[in-house]
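S.K.: need a structure here:
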Amino acid sequence: MSELISGRLRRRVRDRGSEPLITYYDLDSGERTELSGVSFANWVDKTSNLLVDELMIVPEDPVELAVATGHPGHWVTLVWQLACWQVGAVVTLGQPWSAKVLAAGPDQGWISGQNTQVVICSLHPLGLGLPQPPTGGVLDYALEVRGQPDQHAAMPQSGLALAWWDDERQRTQAELINRPVPAAPSRRLLRPSDPWSTTQTALLDPLVGGGSSVIVVGAADDDTVARIAEQEKAERVG
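M.R.: Next up, the predicted model:
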C-alpha cells in the first residue's frame, strides 16, 4: 500500500492545507484552539522528530499513550497518535510496562516499565510547558518538542505493521484507512468518549473521508453544545 494515514495528512496539506482540520473547545477553561491541516502537520512533524531523534523510536516500538485514555479528544493526543504512525510506532493503551515511551497528561498518575521514557504533556492552550519542571528523568513535552525541526523526512511504513493495540482490538496501518467511512457532514462536532471511537471520528474520518472536526470537552448542556455547533457550522455526530 503506497499511502497510509500520514500520507492522507500530506494530501490534506497539499490540497486544503489552510482549511481547519481540528477545532478543540474546552468549556471548563474557555480554550478554543483551531488547527489547519498545515498547523496540525507541523505539530505532527515536530513530534515525529522528537520520537525518532531524541527518544530513539524505531518502527514497531510501542508508545503508551496514557494521554489518550485521560484526554481522548485533546488535539495534542491526536498529534501524538499520528506522529507515532508516521514513524511506524505502535500506539498502545493499557500496556505501560512494555512501552519504550509513555506520554501522559499533567493530571495523570502513570506507571512505566524499567526502560520506559516518560513524557508529560502540559496540554496548555498556548503550548506552554509544565508549571514546575519534572524530575526523575521525566521530560516536558512542550519544552522538548519546541526545538524540533518543523519538517520530518518520513520513511515509508508497511501497511501490515501494527498501529494500534488496546485491550479490545489490534489494528494495522492499512486497517486505519481500509475501513468503511460513513457518509458524514463536512464539519462534524463530537463529545469525546473512549480513545478508539474518538480517534475514528475526530481524526481518521476527516483524513480518510474529508471534512473537519469540532471537539468539545468540559461541562456543557445541550443548548451550549447546539450553540457551538451553529457557530462552527457543524453537525453533531456520535
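S.K.: could you check how many residues crowd around residue 87?
M.R.: Residues near residue 87, counting by other C-beta atoms under 10 Å, number 25. All C-beta atoms are positioned from the backbone trio N, CA, C, and that covers glycine.
S.K.: I'd say it and residue 59 touch.
M.R.: Yes. The pair residue 87 / residue 59 is scored as a contact, 7.0 Å apart, by C-beta atoms under 8 Å.
S.K.: and for these two, which residues touch both?
M.R.: Common neighbours of residue 87 and residue 59 are listed as residue 157 (criterion: C-beta atoms under 8 Å, 6 or more residues apart in numbering).
S.K.: wait, isn't residue 189 in contact with residue 220?
M.R.: No. Using C-beta under 8 Å, residue 189 makes no contact with residue 220, being 11.3 Å away.
S.K.: overlap of the contact sets of the two?
M.R.: Shared contacts of residue 189 and residue 220, defined by C-beta under 8 Å, 6+ apart, are found at residue 228.
S.K.: which residue of these two possesses the greater neighbour count?
M.R.: Between residue 189 and residue 220, counted using other C-beta under 10 Å, the more crowded position is residue 189 (24 against 16).
S.K.: which helix or strand contains the residue most central in space within the chain?
M.R.: The centroid of the chain falls nearest to residue 78 when counting by C-alpha atoms, centre = their mean (1.2 Å). Here residue 78 sits within helix 75-87, counting by DSSP states H and E.
S.K.: list the contacts of the helix or strand that comes right after that helix.
M.R.: Next along the chain after helix 75-87, taking DSSP H and E as the criterion, comes strand 90-92. Counting contacts by C-beta under 8 Å, 6+ apart, the residues outside strand 90-92 that touch it are 60-65, 68, 80-81, 84-85, 98-99, 161-166.
S.K.: now, which of those lie within helices?
M.R.: 68, 80, 81, 84, 85 (DSSP state H).
S.K.: show me the helices in this protein, by range?
M.R.: Along the chain, counting by DSSP H, helices occupy 5-16, 37-49, 66-70, 75-87, 141-146, 173-177, 195-199, 205-209, 222-232.
S.K.: now do the last one, average pLDDT.
M.R.: By that I understand helix 222-232. The predicted model assigns helix 222-232 a mean pLDDT of 95.
S.K.: quick one: it to chain centroid distance?
M.R.: Helix 222-232 has its C-alpha centroid displaced from the chain centroid by 24 Å (C-alpha atoms, centre = their mean, to the nearest Å).
S.K.: ok, the fourth one next?
M.R.: Centroid separation for helix 75-87 versus its chain: 4 Å, with C-alpha atoms, centre = their mean.
S.K.: tell me the buried residues in it?
M.R.: 75-87 (16 or more other C-beta atoms under 10 Å).
S.K.: next: the last one.
M.R.: Residues of helix 222-232 classed as buried by neighbour count (16+ other C-beta under 10 Å): 225, 228, 229, 232.
S.K.: and the first one, how far from residue 75?
M.R.: Taking C-beta to C-beta, to the nearest Å as the measure, residue 225 falls 18 Å from residue 75.
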